[in-house]
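**Student:** Would you be able to build a 3D model of this:
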Amino acid sequence: MLRTTALLLLAPWLLPAQAPAGLDPGMKSIVQVAIVTRDIDASARRWAAVLGMPVPAITTTRPGEEVKVVYRGKPSSGRAKLAFFRLGQVVLELIEPVGGDTSWRQFLDEHGEGVQHLGFQVENLDEAIARAAAMKMPVLHRGRYDRDNGDYVYIDSEKLLGVTVEFLHSDRK
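**Tutor:** This is a model prediction of the structure:
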């Protein structure tokens, strides 16, 4: 017993670690990787060829005013063309910004085409937003799904994490 106690005093990392709270239990799995592109048709064809899958349907989101888009605290008319490849647990989302101020347009203007965000399905949206803000990662862009059955929220996490984090939260049925 004395030998075990001495070992733990000299090597505290052998003790079970206390897991930090994190932003939300849903943050344990990435559900979406999103790439912003200038030409979604061409990008969708290239990804389909690489993945050996059919080109997915490309849709255009409803106008920002209809789905309550807010970018940097102000209402936005921003829209996007979207294409989704379902890859098991993760969805690869292609996004082409269409008019209006959005984080998608900002990313494309500042970085060009590339991975813009990682999406997580969160359990408690308000709490996840508050915890992110406490870590100096405020809301950047948010809105409702086109079917008005949930919210998406982009967190301004690029400086801290190197990528934007998206919280996805479906309404309770």
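**Student:** neighbouring contacts of stretch 51-67?
**Tutor:** With Cβ atoms under 8 Å, 6 or more residues apart in numbering as the test, stretch 51-67 has contacts from 40-41, 44-45, 47-48, 75-85, 87, 92, 98, 100, 102, 143-146, 148. The C-beta positions use only the backbone N, C-alpha and C, and glycine is treated the same way.
**Student:** tell me the mean pLDDT for the longest helix along the chain?
**Tutor:** Longest helix in the chain, counting residues (DSSP state H): helix 40-51. Helix 40-51 carries an average pLDDT of 98.
**Student:** Just the buried residues of it, please?
**Tutor:** 40, 43, 44, 47 (16 or more other Cβ atoms under 10 Å).
**Student:** Which helix or strand lies directly C-terminal to that helix?
**Tutor:** strand 59-60 (DSSP states H and E).
**Student:** on contacts alone, who are the packing partners of the helix or strand following that following strand?
**Tutor:** Once strand 59-60 ends, the next helix or strand along the chain (criterion: DSSP H and E) is strand 70-71. Packed against strand 70-71 by the contact rule (3 or more Cβ pairs under 8 Å, 6 or more residues apart in numbering; DSSP states H and E) you find strand 139-144.
**Student:** residues contacting residue 24?
**Tutor:** 120, 122, 123, 124, 127, 128, 131, 167.
**Student:** can you give me the helices in the chain?
**Tutor:** So, for the chain - with DSSP H - the helices run 2-10, 40-51, 103-111, 125-134, 158-161.
**Student:** need the ones you listed in CSV with distance to residue 33, can you?
**Tutor:** CSV is the format used below for those (distance: least, Cβ to Cβ, whole Å):
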stretch, distance to residue 33
helix 2-10, 41
helix 40-51, 11
helix 103-111, 14
helix 125-134, 19
helix 158-161, 14
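**Student:** closest to residue 71 out of the ones you listed?
**Tutor:** helix 103-111 (6.6 Å; Cβ to Cβ).
**Student:** and the closest one, which residues are buried?
**Tutor:** For helix 103-111, by 16+ other Cβ under 10 Å, it's 103, 104, 105, 106, 107, 108.
**Student:** Thank you, goodbye.
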